[in-house]
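Colleague: Could you look at this predicted model? Sequence included:
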Amino acid sequence: CYRQLLTPIMAHLLLKDDEVSDIRFHFLHVVSGEQQEAPENETQAALEKYLKRHLHWEKSSNSTAQKGKESVQEALVALTGGGDGPHVVFTLGGIMLGPNDFTPEATLAVIDRRVGGLEAAMLKRIDNTSFAALFRPVVGAAGTTLIVNLPASADEAASWLKGVYRALPMAVAQLHNDQTLAKHPRHRGYKHDTQHY
């Protein structure tokens, strides 16, 4: 059958249960005030746990940027310089309409190509009866780095990630022209989609 024909073709793109993905990801915390170090918060912890369970992504790092276009843009430029930098940067915060909420504008100034499909998939997760309808996420590619704007709220960020996580390995693979980066777990990634992490 069709599934049986695909199995040997896709075998090289499946991660074993104990295999870790080569994809590196980074959390850029967009913060207010004088905070310099990335906070140990529930949002990053929840997203790390989800990505580890569903995609075997474990190579994470984090940093902070002060709210405001210039600060966030400067941080994104530093993170997207290539080399051993992250394949994916998740920004956390600064995407509503507050006086210093300019993460989307900073992202637009850095990216070369916008990925509207991923933005639409995240926006579908929004409850339009709440203030979440004011979110303005941008997803795009800066060179070979994918940048994804997420809310600072753990619940909102996790919900958005659920809407796009399946496409992230392929996006990274296409940006790097390396299909080995598109690997998905053999038994995870789809099976537990509806379960709470």
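Modeller: Noted; the coordinates are in hand.
Colleague: Counting by contacts, list what the longest helix along the chain packs against.
Modeller: The residue-count maximum for a helix in the chain (DSSP state H) belongs to helix 42-55. On a contact count with 3 or more C-beta pairs under 8 Å, 6 or more residues apart in numbering; DSSP states H and E, helix 42-55 meets strand 24-31, strand 59-66, strand 88-92, helix 154-164, strand 184-185. For the C-beta atoms, the positions are set from N, CA and C on the backbone; glycine is no exception.
Colleague: May I see the buried residues of the longest one?
Modeller: Just to be clear, that refers to helix 154-164. 154, 156-164 (16 or more other C-beta atoms under 10 Å).
Colleague: export those to CSV and tack on distance to His29?
Modeller: Formatted as CSV, these follow (distance: C-beta to C-beta, whole Å):
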residue, distance to His29
Ala154, 13
Glu156, 15
Ala157, 11
Ala158, 16
Ser159, 19
Trp160, 16
Leu161, 16
Lys162, 21
Gly163, 21
Val164, 20
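Colleague: Out of those residues, which is nearest to Lys49?
Modeller: Proximity of these to Lys49 (C-beta to C-beta) peaks at Ala158, which lies at 9.3 Å.
Colleague: What residues does Pro137 make contact with?
Modeller: Pro137 makes contact with 95, 104, 119, 122-123, 148-150, 160, according to C-beta atoms under 8 Å, 6 or more residues apart in numbering.
Colleague: How many residues are close by Thr144?
Modeller: 16 (other C-beta atoms under 10 Å).
Colleague: Name all residues that make contact with it.
Modeller: So Thr144 contacts 82, 87, 175-176 (C-beta under 8 Å, 6+ apart).
Colleague: any chance of those residues in CSV, plus neighbour count and secondary structure?
Modeller: As requested, the contacts of Thr144 are exported to CSV (neighbours: other C-beta atoms under 10 Å; DSSP: H, G, I helix; E, B strand; the rest coil):
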residue, neighbour count, secondary structure
Gly82, 9, coil
His87, 23, coil
Leu175, 18, helix
His176, 15, helix
